[in-house]
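> fold the following for me, if possible:
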Amino acid sequence: MKPELLPLRPARLRRSWMFVPGLDEAAQRRGLESGADVLVADLEEFTAPADRPAARQRIVALFKLCRARGTVAAVRINTLAGDGLADLRGIMPGAPDAILLPHAENAEQIRALDEAIAACEAEFGLAAGRTEIVPTLESARGVSRAIEILGASDRVSACLLAAEDLTADLGAERGPDGIELHALRSRFLVDCAAAGCVPIDCPFNYRDPRALADDLRWARRIGLKSKCAVFAEQVPAIHAAFTPNAAEVRSARALVLAYEAQKRGEPDAGAPIDPPDYNTARRLLARHAEFEEWHAVTHPAS
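Here you go, the predicted structure:
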């Protein structure tokens with residue numbers, strides 16, 4: 001299958017969202033080479049206002065590189081009250097897969113972005129409705145209105161929880177153990193699940209591999225399966241955490257078979273297995289099946 005014909009990775013299987021500056025070619029190359037599922041070219045925080053016109057042109061070219069690798073091409077624009085409309089018109093000729101909107105705090109912002117995207121899709125000959133919206137919640141107000149924000153447009157496929165701006169808004173103290181955001185990350189997961197969109201966990205902004213591993217273990221435990229990254233070297237750890245590995249699959253299959261044998265009353269079925277462990281194993285196998293099906297689509301000859 002030719003790279004340009006690869007289907008778009010489903011939102012549920014986008015484990016890593018790698019942020020890169022809009023005009024830094026070297027950082028963009030590192031982001032691509034990291035193997036991230038989604039590359040997010042940032043026109044907001046990581047691109048100076050004076051550099052945005054050139055960055056928009058650069059990002060259109062970057063999207064072609066993403067498609068050649070089967071990477072989801074995304075961009076974070078500025079708010080529509082700022083440079084967002086100019087960002088949108090500059091990058092839409094490149095047909096981005098997803099538009100991230102920062103500082104989302106109400107449904108009206110999402111509806112306005114939906115209308116602006118629809119106008120650009122029509123102007124540039126893109127399929128209507130193809131462009132996804134990913135709001136970013138960066139304040140207490142945004143988090144408290146998550147359900148209305150996520151339900152404001154059918155384009156909303158996922159949502160990102162911020163870290164630094166959110167903790168600043170709360171006046172919280174940051175630490176690599178992340179306890180200051182545990183409650184909000186759990187609430188965020190519930191809101192996204194209720195709205196039927198993918199929750200993208202906040203970035204881990206410390207260069208501490210052991211603390212990252214602990215953070216990912218906690219995130220996976222509560223049900224998160226997707227994470228933002230700002231350091232390319234974190235992508236492999238994110239993928240490892242959110243992809244069932246061969247040993248886990250073997251163990252889950254054995255546990256499911258043993259539990260079902262016990263339910264049938266078969267002798268010598270082993271030590272009793274508790275229902276929560278059985279249900280967790282079944283969910284892991286279902287997740288594994290999703291990745292296997294995706295691999296079969298993208299690598300039909302293997």
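> can you spell out the domain ranges of this structure, please?
11-242, 246-298 (the TED database).
> so when I look at Ala74, I'm seeing a strand, right?
Yes: using DSSP: H, G, I helix; E, B strand; the rest coil, the secondary structure at Ala74 is a strand.
> that one and Arg111: what is the separation?
Noted for Ala74: a distance of 20 Å to Arg111, by C-beta to C-beta, to the nearest Å. (Each C-beta comes from the backbone N, C-alpha and C, glycine too.)
> neighbour count: those two, which is higher?
Neighbour totals were compared for Ala74 and Arg111, and Ala74 leads with 26 against 13 (other C-beta atoms under 10 Å).
> would you check that that one makes contact with Pro96?
Yes: using C-beta atoms under 8 Å, Ala74 is in contact with Pro96, at 6.2 Å.
> before we move on, back to that, most neighbours per residue, which of the domains of the chain?
Relative to the other members of the domains of the chain, domain 11-242 carries the highest mean neighbour count by mean count of other C-beta atoms under 10 Å, namely a mean of 19.
> tell me the gap between it and the middle of its chain.
A distance of 7 Å separates the C-alpha centroid of domain 11-242 from that of its chain, computed with C-alpha atoms, centre = their mean, to the nearest Å.
> give the rounded mean pLDDT of it.
Along domain 11-242, the predicted local confidence has a mean pLDDT of 98.
> strands of the stretch 201-302 of the chain, residue ranges please.
With strands called from DSSP state E, counting those that start in this stretch, the stretch 201-302 of the chain shows them at 227-229.
> which stretches of it form helices?
Along the stretch 201-302 of the chain, counting by DSSP state H, counting those that start in this stretch, helices occupy 209-222, 235-242, 246-263, 275-298.
> in a markdown table, list these along with distance to Ile117.
As requested, the helices of the stretch 201-302 of the chain are exported to a markdown table (distance: least, C-beta to C-beta, whole Å):
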| stretch | distance to Ile117 |
| --- | --- |
| helix 209-222 | 30 |
| helix 235-242 | 28 |
| helix 246-263 | 39 |
| helix 275-298 | 26 |
